[in-house]
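**Student:** Need the 3D shape of this:
(one chain, ligands or ions: 1)
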Amino acid sequence: MRLEGKTVIVTGAASGQGLATARALIEHGASVMAADIDEAGLERLAKEHERIATHRCDMSKPAEVERLVAAAEATFGAVHALLNCAGYLKAASVLETTDEMLDRIIDINLKGVFYGCKYVIPALQRAGGGSIVNWGSVNSMVAESDIAAYAASKGGVLMITKSVAVEYAKDNIRANCLCPGGVRTPMVADFFDDGFLNDEQAQRAYQPLGLIDPEEVADVAVFLVSDESRKMTGSAVVVDAGYTAM
Ligand SMILES: NC(=O)c1ccc[n+]([C@@H]2O[C@H](COP(=O)([O-])OP(=O)(O)OC[C@H]3O[C@@H](n4cnc5c(N)ncnc54)[C@H](O)[C@@H]3O)[C@@H](O)[C@H]2O)c1
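**Tutor:** The predicted structure is shown next:
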């Protein structure tokens, strides 16, 4: 119960890594304000534990993000951490990327993380400090084909994180960028084909330890919220099964 007494906002909590992280936080004693645009997913999650509250929030809309933070403070009294996990991927080459696709990726992945930080910082200041974990990607640092818009958004997430870390250390606010490699969630269905998703050898050729389960990222997110990581800030925390080592 290393997170007892902490209130954590998790965005993208209805699926994949956000869902696994919300569950892990509950297991370690935290209270969770789960946010997503998927209301049915939030409803299912709310039934899992009395320390979970939910709030429908589109992270690309600043007024909604502001209301999310206010709802978390009103429900639990204080906010100690924000886990900005909501994200969107549409694979396409540079030439195939339409303006609409580019806007959607930047609005959710980059501006959504910026709004999350902007509106949670005053709440963390009121709480005497806290931890922000922004989901980047290995694509915050390295490129692949068919992923330019997404990589641009995730590179930006790393720099938002470092900026927040430098600017708000004075308030005991930490910010770290969690950078996963390929994780087995609904998101990768657009990027990897079924053959790859069922072929362990191919997965190990891509990432030496194979595809990552969302729970394996959630364990690192819990560590980044906990006081065990109290001197970590501004870091790119890579959880990639060896992808960037090659
Ligand atoms: N799966 C991977 O291989 C991988 C690798 C590196 C980084 N990531 C990043 O990890 C994070 C989590 O992704 P995942 O793998 O769990 O995918 P996922 O598709 O399972 O979950 C993403 C969640 O974000 C929510 N969401 C989308 N747009 C939203 C918006 N505007 N406002 C609020 N919620 C919104 C979705 O409804 C969904 O519940 C994302 O930021 C993603 O870019 C994923």
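**Student:** Check whether stretch 22-41 comes into contact with the ligand.
**Tutor:** Yes. Applying Cβ under 6 Å from any ligand atom, one finds stretch 22-41 touching the ligand at 36, 37, 38. For the C-beta atoms, the positions are set from N, CA and C on the backbone; glycine is no exception.
**Student:** Relative to residue 110, which of those is nearest.
**Tutor:** Taking Cβ to Cβ as the measure, residue 110 lies nearest residue 37 of the residues of stretch 22-41 next to the ligand, at 16.8 Å.
**Student:** neighbours of that closest one, just the number please.
**Tutor:** 18 (other Cβ atoms under 10 Å).
**Student:** And the strands in the protein?
**Tutor:** Ranges of strands within the chain are 7-11, 31-36, 52-56, 81-84, 130-135, 173-180, 236-239, based on DSSP state E.
**Student:** would a markdown table of the ones you listed with mean pLDDT be doable?
**Tutor:** Below are those laid out as a markdown table (pLDDT from 0 to 100):
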| stretch | mean pLDDT |
| --- | --- |
| strand 7-11 | 99 |
| strand 31-36 | 99 |
| strand 52-56 | 98 |
| strand 81-84 | 99 |
| strand 130-135 | 99 |
| strand 173-180 | 99 |
| strand 236-239 | 98 |
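**Student:** Select the longest helix from this structure.
**Tutor:** Identified as the longest helix of the chain according to DSSP state H is helix 148-168.
**Student:** Show me the helices in the chain, by range?
**Tutor:** According to DSSP H, the helices that the chain contains are 16-27, 39-46, 62-76, 99-105, 112-126, 148-168, 194-197, 200-206, 214-225.
**Student:** and these, which is most packed in?
**Tutor:** helix 16-27 (a mean of 24; mean count of other Cβ atoms under 10 Å).
**Student:** Which elements pack onto that helix?
**Tutor:** strand 7-11, strand 31-36, helix 39-46, helix 214-225 (3 or more Cβ pairs under 8 Å, 6 or more residues apart in numbering; DSSP states H and E).
**Student:** Those: which one's closest to residue 184?
**Tutor:** helix 214-225 (7.0 Å).
**Student:** which residues sit against that closest one?
**Tutor:** Here helix 214-225 makes contact (Cβ atoms under 8 Å, 6 or more residues apart in numbering) with 2-3, 6, 8, 16-17, 19-21, 23-25, 28, 30, 80-81, 83, 85, 131, 133, 176, 178, 180, 183-185, 229, 232, 237, 239.
**Student:** Over to stretch 235-246?
**Tutor:** Stretch 235-246 is contacted from outside by 136, 138, 140-142, 158, 161, 176-182, 206-212, 216-217, 220, 224, using Cβ under 8 Å, 6+ apart.
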